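Enquirer: Generate coordinates for the sequence data below:
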Amino acid sequence: MNAAIDSVALRPWIVKVDMAGVLSDIATNGYTIGSTHYTSAYITGGLFSLDGVHPNDLAHAVLANAMIDAVNARFGAGIPRANVMDYASST
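Expert: I've put the predicted structure just below:
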């Protein structure tokens, strides 16, 4: 499957974003916004819904920024990043 995705991603109008890599980095290192450090810990981590599987609004903003960064880098675009502070809380 990865080989098929990689071959399609070579097309000039396609952008490949390694979401597994982003999520793995968050699982390993967490994600700091301002003075608050978020993790993938169940319930207390602050990045996933109470089912422990689905990203919450904050994590979706982080993932959206990964996609925006990839599009901007690939195409020289100037799409503004999501303001993760709009979705962050200290608890």
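
Enquirer: Test for you: state the pLDDT assigned to Ser35.
Expert: At Ser35, the model reports a pLDDT of 89.

Enquirer: measure Asn2 to Thr28 for me?
Expert: To Thr28, Asn2 is 21 Å away according to CB to CB, to the nearest Å. Glycine gets a C-beta too; all of them are placed from N, C-alpha and C.

Enquirer: between those two, who's got more neighbours?
Expert: For Asn2 versus Thr28, neighbours defined as other CB atoms under 10 Å are more numerous around Thr28 (9 against 6).

Enquirer: Three-state assignment for that one, please.
Expert: helix (DSSP: H, G, I helix; E, B strand; the rest coil).

Enquirer: what pLDDT does it get?
Expert: 96.

Enquirer: List the buried residues in stretch 48-68.
Expert: 48, 55, 58-59, 61-63, 65-68 (16 or more other CB atoms under 10 Å).

Enquirer: could I get those as CSV with pLDDT and secondary structure?
Expert: Listed next are these as CSV, based on pLDDT from 0 to 100; DSSP: H, G, I helix; E, B strand; the rest coil:
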residue, pLDDT, secondary structure
Phe48, 93, strand
Pro55, 93, strand
Leu58, 95, helix
Ala59, 95, helix
Ala61, 97, helix
Val62, 96, helix
Leu63, 97, helix
Asn65, 97, helix
Ala66, 97, helix
Met67, 97, helix
Ile68, 98, helix
